[in-house]
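1. What follows is a protein structure lacking sequence information:
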């Protein structure tokens, strides 16, 4: 199905590696991986800070928020790639219903 | 531009009332309006409760959360209509870049 | 119970109007009411915009977000008053368990 | 300062390890550490999934949401400990202003 995607409609020239399913644009995949690697380093440093019995609650809450921001950033990269490569092109494939249902579930709207 | 939208791709047979711009599917518009009317009634009752000097903070916070939930519901209805009528069809119109940028801004991702 | 609250610990000299229960600091109550009045005006203008068949989804989503921001602002005012007047003083009254449970429920953490 | 905290007001008998500053209740610290270890394992499995060129955007978005949920859980544990051990007792120490400002910043309210 993805074989029929007109590449010209994909802003960054993404390629799918299989013909039978939608897959993440490579650029999104690599950029998201980099952000998740940063989030993981940050998370490890929070885990180490929790070994200190004198650590302060609010400092840890701030650090957790920072990791959540990094995860939001990774999710944003993936979401943009998904919107460009798969959602904006849904009508050309005919799978709008599934694509929209999936997205709405992700956004936690009923 | 919307005149070129193949109606057959719209799950609920939405019509646009003007030919020169995208507009909200009528069903979304009516359902969102009903939810906003409910949110407004709820908001008014919170405002009245704030006239009582003995009102309790947590009760008002809970009520505000309920109104936020009603607004989320209205936004969800509109978002679904937008995804179905405008985003899933973007590649057929050629305005993917604008459509995706708009959505990402709404989702507050950079 | 609130009669025993040492007023000197309340940053803005809040008074409770009844002696038997916690109630919202008057300053929070008035400021929250003003913000909710603004949110309501904004909500009404969104409801009017939904009468226009040519209204655009993304414009309405942006407006709903603005109303949610105003509600967050009102909730923030109330939360701050609650933390100052009721939570920070809980140990002096002995109702920490209830106060903390209530707050955690508001924050939707388990 | 924490030396003056009446331990009897802390629901779970938390001890601070230093006398000169507030520190996280040990139970919160250990439970948060366990949850962050789980979040880290989950995050690593997402990172591995991103090495697969055929991974699907929505699957990764769902996994990131799950990690966000685990981080919310850890933050909830820490927040509850903080409210019980430090916020509910602030009036007994006299640092309500700082404690409330810190919390409001965490909640991102102005």
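-> Yes, it's here. These figures come from a predicted structure and were not determined experimentally.
2. got a list of what the closest residue to residue A:45 other than its chain neighbours touches?
-> Spatially, and ignoring its direct neighbours in sequence, residue A:45 is nearest to residue A:63 (7.5 Å; Cβ to Cβ, 6 or more residues apart in numbering or on different chains). Quick note: C-beta positions are derived from backbone N, CA and C, even for glycine. Contact partners of residue A:63, counting by Cβ atoms under 8 Å, 6 or more residues apart in numbering or on different chains, are A:42, A:45-46, A:49.
3. what helix or strand is residue A:63 on?
-> Taking DSSP states H and E as the definition, residue A:63 sits inside helix A:57-82.
4. relative to helix D:57-82, how tilted is that helix?
-> 170 degrees (axes from the mean of the first three to the mean of the last three Cα atoms, to 10 degrees).
5. any idea which helix or strand comes after helix A:57-82?
-> helix A:90-93.
6. Could you pull up the residues touching residue A:70?
-> Residue A:70 neighbours (Cβ under 8 Å, 6+ apart): A:35-36, A:38-39, A:42.
7. Report the separation between residue A:66 and residue B:33.
-> 40 Å (Cβ to Cβ, to the nearest Å).
8. Which one of these two is surrounded by more residues?
-> Per other Cβ atoms under 10 Å in any protein chain shown, whichever of residue A:66 and residue B:33 has more neighbours is residue B:33, with 18 against 14.
9. which ones are touching the more buried one?
-> Residue B:33 sits in contact with C:47, C:50-51, where contact means Cβ under 8 Å, 6+ apart.
10. Can you flag the buried ones in these?
-> Those of these that meet the buried threshold are C:47, C:50, by 16 or more other Cβ atoms under 10 Å in any protein chain shown.
11. Point out the ones among the contacts of residue B:33 that are inside strands.
-> The strands, defined by DSSP state E, take in nothing from those.
12. Show me which of the contacts of residue B:33 is closest to residue B:82.
-> residue C:50 (13.7 Å; Cβ to Cβ).
13. what does the model give the closest one for pLDDT?
-> Listed pLDDT for residue C:50 reads 97.
14. Give me the distance between residue A:73 and residue A:106.
-> 16 Å.
15. same question but for residue A:54, I mixed them up
-> Taking Cβ to Cβ, one finds residue A:54 at 40 Å from residue A:106.
16. Quick check on the two: which one has the bigger neighbour count.
-> residue A:106 (17 against 12).
17. ok, and the closest non-adjacent residue to the more buried one?
-> residue D:61 (5.2 Å).
18. is it true that that neighbour touches residue A:76?
-> No: taking Cβ atoms under 8 Å as the definition, residue D:61 is not a contact partner of residue A:76, at 10.0 Å.
19. Of the two, which one has the most company?
-> Under the criterion of other Cβ under 10 Å, the comparison of residue D:61 against residue A:76 puts residue D:61 first, with 22 against 19.
20. can you pull the contacts of that one?
-> A:75, A:78-79, A:82, A:106.
21. if we go to 6 Å?
-> Applying Cβ atoms under 6 Å, 6 or more residues apart in numbering or on different chains to residue D:61 gives the contacts A:75, A:78, A:106.
22. any idea how far residue A:54 is from it?
-> 38 Å.
23. repeat for residue A:23
-> 47 Å.
24. And residue A:22, what's its pLDDT?
-> The model's pLDDT for residue A:22 equals 89.
25. With residue B:106 as the reference, measure out to it.
-> Counting by Cβ to Cβ - residue A:22 and residue B:106 are separated by 23 Å.
26. pretty sure residue A:58 contacts residue D:102?
-> Yes: the criterion here is Cβ atoms under 6 Å, and residue A:58 meets it with residue D:102 at 4.9 Å.
27. Could you tell me which residues make contact with residue A:75?
-> Taking Cβ under 6 Å, 6+ apart, one finds D:61, D:64 in contact with residue A:75.
28. Need the phi and psi values for residue A:54.
-> Main-chain dihedrals, residue A:54, degrees, to the nearest 10: phi -100, psi 10.
29. ok, for it, nearest residue in space, not its chain neighbours?
-> In space, residue A:54 is closest to residue D:23, 4.6 Å off (Cβ to Cβ, 6+ apart).
30. Backbone dihedrals for that neighbour, please?
-> Residue torsions, per degrees, to the nearest 10, at residue D:23 are phi -140, psi 160.
31. Kindly report the same for residue A:88.
-> phi -60, psi -20.
32. Number of residues surrounding it?
-> 29.
33. My read is that it contacts residue B:94, right?
-> No: using Cβ under 6 Å, residue A:88 is not in contact with residue B:94; the gap is 9.9 Å.
34. for residue A:64, what are its contacts?
-> Neighbours of residue A:64 in contact, by Cβ under 6 Å, 6+ apart: D:71, D:75.
35. which ones are touching the spatially closest residue to residue A:82 that is not a sequence neighbour?
-> Setting aside the residues directly before and after it, residue A:82 is nearest to residue D:57 in space (Cβ to Cβ, 6+ apart), at 3.7 Å. Going by Cβ under 6 Å, 6+ apart, residue D:57 touches A:24, A:78, A:82.
36. rerun at 8 Å
-> A:22, A:24, A:28, A:78-79, A:81-82, A:85-86.
37. cool, residue A:103 as well?
-> Counted by Cβ under 8 Å, 6+ apart, residue A:103 has contacts A:82, A:87, B:83, D:58.
38. same check, this time on residue A:82
-> A:24, A:28, A:103, D:57-58, D:61.
39. Tell me the confidence at it?
-> Confidence for residue A:82, expressed as pLDDT, is 97.
40. of the contacts of residue B:33, list those near chain B.
-> For chain B, the contacts drawn from the contacts of residue B:33 by Cβ under 8 Å from any Cβ of the partner chain are C:47, C:50-51.
41. Close to chain B: what parts of chain A are there?
-> A:6, A:9, A:11, A:72-73, A:75-76, A:79-80, A:83-84, A:87-92, A:94, A:96-97, A:99-100, A:103-104, A:107, A:109-110.
42. Might one say that residue A:50 is in contact with residue A:56?
-> No: judged on Cβ under 8 Å, residue A:50 makes no contact with residue A:56 at a distance of 11.2 Å.
43. which residues do the two both contact?
-> With Cβ under 8 Å, 6+ apart, residue A:50 and residue A:56 have common neighbours residue D:24.
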